[in-house]
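**Student:** Next one to model:
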Amino acid sequence: MRFATIQRVKIGKTYEVLVYFAQTTKASADSLAGILRYASAIRDWRLWLFDPLSHISCGSVLPQRRVDGVIAGDDIEALPESILPGNRHALVSVSGENRRRDVSTVLCDNAEVARGAALFFLARKFRNFAFVESPRRESVSEERLNAFADAIRPACDSFSAKSADDPGFTEWLKRLPRPCALFAANDRFAKVAADTCRISGIHVPEEIAIIGVDDEEMICNFTSPTLTSIRPAFENGGYMAAKLLDELMRGKMRKARRLRYGVDGIIERDSTAISTTAISAPSALEAFIRQHATTDITPESAARAVGHDTARIKRAYREAYGRTVCRGIQEARLKEVQKLLKNTRIPVDQVGTMCGFGNGLYLKALFKRRFGMTMREYRKHG
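**Tutor:** Below you'll find the predicted structure:
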């Protein structure tokens, strides 16, 4: 059953918070994890989790009284008036289809997602591009389409877009100039494109390389070929939504806010695995960084491990991943820090040294700036 109540020790007022969205996707599951991470540190929240689809099989019911705040991934208008908060600013939507201007939103930065896909393809010297749209022309799809088109324009010989449910979708794929770099609004539509290519005898990735969005592992790993996907920072978005709602409920903020979160990276799989030296160098460098992040590698030594032309390799890496090699090493080390803080009881002062950070004070400042909390707070609540 997907309905639960989490009791907190009561200190003064207890805030009743309703989290209302279907928990059927990786995006919703990761967002919920971020909300729970924030809520675990708040002693005066009582959290209600409600999946609007669960009542079909589980008999879940909504709270029978007015709540103090709502985080919704589905239509807020579907909620009964009798349970909506008296403070009408205490509503946060994580759905891109929310149209109410009085409701705060925390959404994925779709322009950053699209630029990530564009940089990935441009680094591999593609000149022909395509985009698979959402059948319902959702705002998320349109934002990604427009930003992708803008990003690839300087190096573009051809570009076209088509809805995944268009009757002419198969013929459109067959007519695309080759080789072609295809970006889909999400993994579901990327799968439609990959399956259609396979049925039509179009080779992926040799003729059409495909990238989706969301890193839905059940879709990406069980499509043939497996799908490369951009992974938005959904958990960070959930945390941001909970923090924003907390400020709205407590009166620290009285106007609707529009916040955006970015991406965690690109998960490369077979749908973009074109085997040439120029294409594989950034991927090889990224793999080397991940494997050796906790050692004393430098941008120069990491690039030399991949090839002799270190300047070209570092430039290709920056074009492919949108960051310098130095930043890539830093991000890989921070991920190792997070793992040790979550999964071990190693003293905080030793974690940095074990993960390749020589300066403990620098790491502490960097960690707080990057994640919005100290390392000790992350261990306690992460």
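**Student:** The stretch 101-250 of the chain: strands as residue ranges?
**Tutor:** For the stretch 101-250 of the chain, applying DSSP state E, counting those that start in this stretch gives strands covering 104-108, 128-133, 158-163, 180-184, 208-213, 228-232.
**Student:** Kindly apply the preceding question to the stretch 251-382 of the chain instead.
**Tutor:** 258-261, 263-267.
**Student:** What pairs with the shortest one, parallel or antiparallel?
**Tutor:** In the sheet, strand 258-261 lines up against strand 104-108 (parallel) (DSSP bridges).
**Student:** now do the longest one
**Tutor:** Sheet neighbours of strand 263-267, with direction, are listed as strand 228-232 (antiparallel) (DSSP bridges).
**Student:** quick one, what contacts G73?
**Tutor:** Applying Cβ atoms under 8 Å, 6 or more residues apart in numbering, we find G73 in contact with 20-22, 28, 31, 93-95. Every residue, glycine included, has its C-beta placed from N, CA and C.
**Student:** Only alpha carbons, please: show stretch 157-175 as PDB.
**Tutor:** C-alpha atoms of stretch 157-175 as PDB (Å, rounded to 0.1, in the frame of the first residue of the first chain):
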ATOM      1  CA  ASP A 157      23.400  20.500 -42.000                       C
ATOM      2  CA  SER A 158      19.900  19.100 -41.500                       C
ATOM      3  CA  PHE A 159      17.400  19.000 -38.600                       C
ATOM      4  CA  SER A 160      13.800  17.700 -38.400                       C
ATOM      5  CA  ALA A 161      11.400  16.600 -35.700                       C
ATOM      6  CA  LYS A 162       8.500  14.200 -35.600                       C
ATOM      7  CA  SER A 163       6.000  13.000 -33.000                       C
ATOM      8  CA  ALA A 164       6.400   9.500 -31.800                       C
ATOM      9  CA  ASP A 165       2.800   8.600 -32.700                       C
ATOM     10  CA  ASP A 166       2.800  10.300 -36.100                       C
ATOM     11  CA  PRO A 167       1.600   7.900 -38.900                       C
ATOM     12  CA  GLY A 168       4.600   8.800 -41.000                       C
ATOM     13  CA  PHE A 169       7.100   8.200 -38.200                       C
ATOM     14  CA  THR A 170       8.700   5.100 -39.800                       C
ATOM     15  CA  GLU A 171       9.100   6.700 -43.200                       C
ATOM     16  CA  TRP A 172      10.500   9.800 -41.500                       C
ATOM     17  CA  LEU A 173      13.200   7.700 -39.900                       C
ATOM     18  CA  LYS A 174      14.000   6.000 -43.200                       C
ATOM     19  CA  ARG A 175      14.500   9.400 -44.900                       C
END
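**Student:** for the record, mean pLDDT for it?
**Tutor:** Averaging pLDDT along stretch 157-175 gives 96.
**Student:** from the chain's centre, how far out does it sit?
**Tutor:** Centroid separation for stretch 157-175 versus its chain: 26 Å, with Cα atoms, centre = their mean, to the nearest Å.
**Student:** list the buried ones in it?
**Tutor:** Judged by neighbour count (16 or more other Cβ atoms under 10 Å), stretch 157-175 contains these buried residues: 159, 161-164, 169, 172-173.
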